[in-house]
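J.: what's the 3D shape of this:
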Amino acid sequence: MQALILAGGEGTRLRPLTIYTPKPVVPIVNRPFLFYQIDLLKRAGIIDITLALGYQPNKIEDIFGDGQEYDVHIRYVVETTMLGTAGAYKNSEEQLRQTTVVFNGDIITDANLKDVVSFHREKQAAATIVLTPVENPSIYGLVETDMDGRAIRFIEKPKTEEISCNTINAGIYVLEPKILNYIPEGEKFSFEYQLFPALLRANEPVYGFVWSGYWMDIGTPQRYLKANDDLLNGRIKSFKVERHPYPVPIGEGEPPQIDKRSVIDPSCTIKAGVEIINSVLGPNCFIEERARIENSVLLAGARVGRATEVRGSVVGKSALLGRFAKVENSVLGDKSSLTDYTIV
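T.: Numbers count the residues shown, from 1 in each chain. Just a heads-up that it's a prediction; the model follows:
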């Protein structure tokens, strides 16, 4: 078994967090995002992994290297032009000689890949698509299946009257090598709009495996924040959150109040009277006296001024928030600067 992670997009929906950082390495609870997908693959015994890159590839390669440090083998294929999801799969053809698990690079899930692969083999499928039920399928791609799980129709971003089921394409596939023959070389080509309908027309055995556990597309700031919250609160069962000892406060006064759910990097500085609730603080954050941070994510090097309040927000790398400011339900990019008493 092999794996391919499609990690070449620019992450436009996740801006401003992805202007300087490619989406695959934006941290979720202080770990580059792709680690969660690699962990899932390792648990299924899949350690031969190819990353299909495009946007700022060097930043991703610098973190993961050849994968030896993480007990996997990682190779890289870089697109010179955007080729779409299936086009990126085709572009990686030289690396893929076996049955391949393909991941969209913005999905966090606790899906059991061993079960998915077993289902794929039992059905003797050419392609298996992991499906997940959602409340509002209109913004995704519906996949209709028969009683045996065989796909019979695809509906991308359906209108209300077209919704006949609630199982959507979860962006995880198991594909046999022959599927590559259906994809033109060097052209932009999509799994959802082009490849899968072509497989149905060719009467290839395409199946849907329904996963009712956790699944999240982190492609927007709101969903990125929710994924962090879900990990902090144990809603994603497959991943254990590491919580390091809290930093020792500097100076005299009331010690900081930090709840047990929060994750604080040990390199942070947290001064007297600070309150931190259900939040993540990345490396080298500096929190001044009596600041309050709640239901938020602060990325590396963020600085929060005295008595400033941050609620339900994401604060980018090296951002500077002045004193007595209030930030609520906001997303601040890297190196943002707010003057004292600002309200956003």
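J.: switch to C-alpha atoms for all contacts and neighbour counts from now on
T.: OK.
J.: Which elements pack onto the helix or strand bottoming out on mean pLDDT in the chain?
T.: In the chain, no helix or strand scores lower on mean pLDDT, DSSP states H and E than strand 141-145, which sits at a mean of 78. In terms of contacts (3 or more CA pairs under 8 Å, 6 or more residues apart in numbering; DSSP states H and E), strand 141-145 is packed against strand 151-156, strand 167-175, strand 206-210.
J.: can you do 7 Å?
T.: Packing partners of strand 141-145 (3 or more CA pairs under 7 Å, 6 or more residues apart in numbering; DSSP states H and E): strand 151-156, strand 167-175.
J.: Asn112: which of those is closest?
T.: Ranking those by proximity to Asn112 (CA to CA) places strand 167-175 first, at 11.4 Å.
J.: sorry, back to before: mind listing what's buried along the least confident helix or strand of the chain?
T.: Of the residues in strand 141-145, 141-145 count as buried by neighbour count, 16 or more other CA atoms under 10 Å.
J.: go on, stretch 309-329?
T.: 309-328.
J.: domains of the chain?
T.: If you go by automatic domain parsing, the domain ranges for the chain are 2-232, 257-338.
J.: most packed of those domains?
T.: domain 257-338 (a mean of 22; mean count of other CA atoms under 10 Å).
J.: got the end-to-end distance for that one?
T.: End-to-end span of domain 257-338 (CA to CA, to the nearest Å): 24 Å.
J.: starting at the chain centroid, how far to that domain?
T.: Relative to the centre of its chain, domain 257-338 is centred 22 Å away, using CA atoms, centre = their mean, to the nearest Å.
J.: any idea of the mean pLDDT for it?
T.: Average pLDDT, domain 257-338: 95.
J.: you'd agree Lys90 is in a strand?
T.: No. The assignment for Lys90, made by DSSP: H, G, I helix; E, B strand; the rest coil, is helix rather than a strand.
J.: Test my guess that it contacts Ile179.
T.: No. Counting by CA atoms under 7 Å, Lys90 does not reach Ile179; the two are 9.2 Å apart.
J.: Leu142 versus Ser279, what's the distance?
T.: For Ser279 relative to Leu142 (CA to CA), the value is 34 Å.
J.: contacting residues for Asp146?
T.: Ile152 (CA atoms under 7 Å, 6 or more residues apart in numbering).
J.: tell me the pLDDT at it?
T.: pLDDT, Asp146: 85.
J.: Equivalent analysis for the one 10 residues further on, please.
T.: Glu156 is assigned 69 on the pLDDT scale.
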